[in-house]
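A.B. asks: Sequence and predicted structure below; questions after.
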Amino acid sequence: MKKLRFTKMHGISNDYVYISTFDQPEEDWEQLAIRLSDRRTGIGGDGIILVCPSDVADAKMRIFNADGSEGKMCGNGIRCVGKFVYDKGLVPAEKTTITIDTLSGIKTLELTVKDGKVQSARVDMEAAILRPADIPVRYDGDRMIDAPLEVDGRIWNVTAVSMGNPHCVTFVDDVDSLDLEKIGPHFENHPIFPERVNTEFVKVIDDHTLQMRVWERGSGETWACGTGACATAVAACLNGYCKKGDDITVHLRGGDLVIRYTDDTVIMTGPASTVFEGTVEI
Ligand SMILES: N[C@@H](CCC[C@H](N)C(=O)O)C(=O)O
C-alpha cells in the first residue's frame with residue numbers, strides 16, 4: 001500500500017487537501033480528488049490541490065474539484081499554495097514575493113509573514129475576462145451584463161465574468177434564504193455555459209460591501225470562493241453598485257476577502273491557514 005503525505009489547509013473555510021509533487025510521484029489525481037475530498041470516508045475537503053515544481057515560477061498549482069474535474073484557477077487555493085511554498089522552505093525566507101504558475105497563467109503573490117509563518121496574501125489575479133467566447137458563455141453581445149436568464153423556471157439577471165475560470169454572478173435581495181442545493185446544479189449545468197459554471201448569489205450591502213454565497217462547479221456549495229469574490233466585485237462595478245479602484249469587502253460564509261478591480265487587474269487580499277498534516281494510504 002502506498003502512502004501519500006498531505007497538508008490540510010483552508011482560505012476562509014474553502015478547504016483543500018494540499019499535496020506536494022516536489023517529492024512525491026504522479027498519481028491518478030481525478031480519482032484521488034473524489035476519494036480524499038469525501039467528508040466521511042476521506043480526509044474531507046472541497047477538492048485537492050497539487051503543489052508542483054515549475055520551470056517558470058516558484059511553484060505550479062493544479063486544482064481538482066471534489067467531483068474529480070480539474071479547474072484552471074483557485075483564488076483561495078493560490079494564497080494557501082503561497083503559504084505552503086514559503087512555510088515548507090521551498091523559497092528562501094527573505095522571499096515574500098512569490099510566483100505561482102496555474103492553468104490560467106502565472107500569478108504574483110505578496111505574502112504577509114509573522115513569526116516566520118505566512119498569515120495572508122495579496123494576489124494579483126490579472127485582468128477580468130468579459131468577452132463571452134473567452135469565459136465561455138454562449139451569448140451574442142460583446143459583454144453579458146445584467147442579462148435575463150431563465151434558470152429552474154425563474155428569470156435571474158446575470159453577469160458573466162472569467163477570472164481564469166467561469167463565473168455567473170446574480171444580484172438578489174436575500175442570499176440566506178436561497179436553496180442552493182436545489183438551484184445551484186441548474187446554474188452549473190445550464191446549456192449557455194459549455195464548460196459548466198461557478199455561480200455567485202450576491203446581496204449588495206453598500207457601495208463597498210457585498211454578501212455572497214457560491215455554488216462551485218464540481219464541488220457544490222462551498223463556504224468561500226476567491227475567484228468568485230473577484231468576479232462578484234467586478235460584476236458589482238459593471239452593474240453600478242460599487243466603484244472601480246475602491247476596496248470592496250466581500251462577506252462569504254467562511255470569512256471576508258477584500259477585492260480591488262481596475263481595468264488592468266483584480267487584486268485579492270485574504271488569509272491562508274494550515275489545519276493539520278498527515279499521511280494517507282492510497
Ligand atoms: N474555490 C475556488 C475555485 C475552485 C475551482 C472552481 N470550482 C472551478 O471549477 O472553476 C476559488 O477559491 O477560486
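C.D. replies: Perfect, I can see it now.

A.B. asks: and the stretch 101-250 of the chain, which residues reach the ligand?
C.D. replies: 165, 198, 216, 217, 218, 219, 222, 225, 226, 227, 228 (CB under 6 Å from any ligand atom). Every C-beta, even on glycine, is put in place using the N, C-alpha and C of the backbone.

A.B. asks: 8 Å - rerun?
C.D. replies: Applying CB under 8 Å from any ligand atom, we find that the stretch 101-250 of the chain lies next to the ligand at 163, 165-166, 196, 198, 214, 216-219, 222, 224-230.

A.B. asks: which SSE is residue 184 in?
C.D. replies: helix 180-188 (DSSP states H and E).

A.B. asks: Would you mark the buried spots in that helix?
C.D. replies: 180, 183, 184, 186, 187, 188 (16 or more other CB atoms under 10 Å).

A.B. asks: Next secondary structure after that helix?
C.D. replies: Next along from helix 180-188, by DSSP H and E: strand 198-206.

A.B. asks: Could you check the angle that next one makes with helix 180-188?
C.D. replies: Strand 198-206 and helix 180-188 are oriented at 110 degrees to each other (axes from the mean of the first three to the mean of the last three CA atoms, to 10 degrees).

A.B. asks: Enumerate the positions of strand 198-206 that are buried.
C.D. replies: Going by neighbour count (16+ other CB under 10 Å), the buried part of strand 198-206 is 198, 199, 200, 201, 202, 203.

A.B. asks: and if you look at stretch 256-267?
C.D. replies: For stretch 256-267, a neighbour-count test (16+ other CB under 10 Å) marks 257, 258, 259, 260, 261, 266, 267 as buried.

A.B. asks: Whether that stretch contacts the ligand - can you check?
C.D. replies: No: using CB under 8 Å from any ligand atom, stretch 256-267 stays clear of the ligand, coming no nearer than 9.1 Å.

A.B. asks: now that stretch, how far from the centre of its chain.
C.D. replies: 14 Å (CA atoms, centre = their mean, to the nearest Å).

A.B. asks: Determine how far the last residue of that stretch lies from the first.
C.D. replies: End-to-end distance for stretch 256-267: 14 Å, by CA to CA, to the nearest Å.

A.B. asks: List of residues touching it?
C.D. replies: Contacts to stretch 256-267, defined as CB atoms under 8 Å, 6 or more residues apart in numbering, come from residues 12, 75, 122-128, 163, 224, 226, 229-230, 232-234, 237, 244-250, 268-270.

A.B. asks: model confidence over it, on average?
C.D. replies: Averaging pLDDT along stretch 256-267 yields 98.

A.B. asks: same deal with stretch 62-70?
C.D. replies: Over the span of stretch 62-70, the pLDDT mean works out to 98.

A.B. asks: do stretch 274-282 as well
C.D. replies: 98.

A.B. asks: Stretch 243-250 now?
C.D. replies: Stretch 243-250 comes out at a mean pLDDT of 98.

A.B. asks: what's the answer for stretch 9-24, then?
C.D. replies: Rounded mean pLDDT across stretch 9-24 is 98.

A.B. asks: Could you do stretch 109-117 as well?
C.D. replies: Taken as a whole, stretch 109-117 has an average pLDDT of 96.

A.B. asks: which residues are in contact with that stretch?
C.D. replies: Stretch 109-117 has contacts (CB under 8 Å, 6+ apart) with 78-79, 82-83, 86-87, 93, 96-100, 118-124.

A.B. asks: Using neighbour counts, trim those residues to the buried set.
C.D. replies: Among the contacts of stretch 109-117, those classed as buried by 16+ other CB under 10 Å are 78-79, 82-83, 86-87, 96, 98-100, 118, 120-123.

A.B. asks: Mind checking which of the residues you listed are in strands?
C.D. replies: Among the buried ones among the contacts of stretch 109-117, DSSP state E puts 98, 99, 100, 118, 120, 121, 122, 123 in strands.
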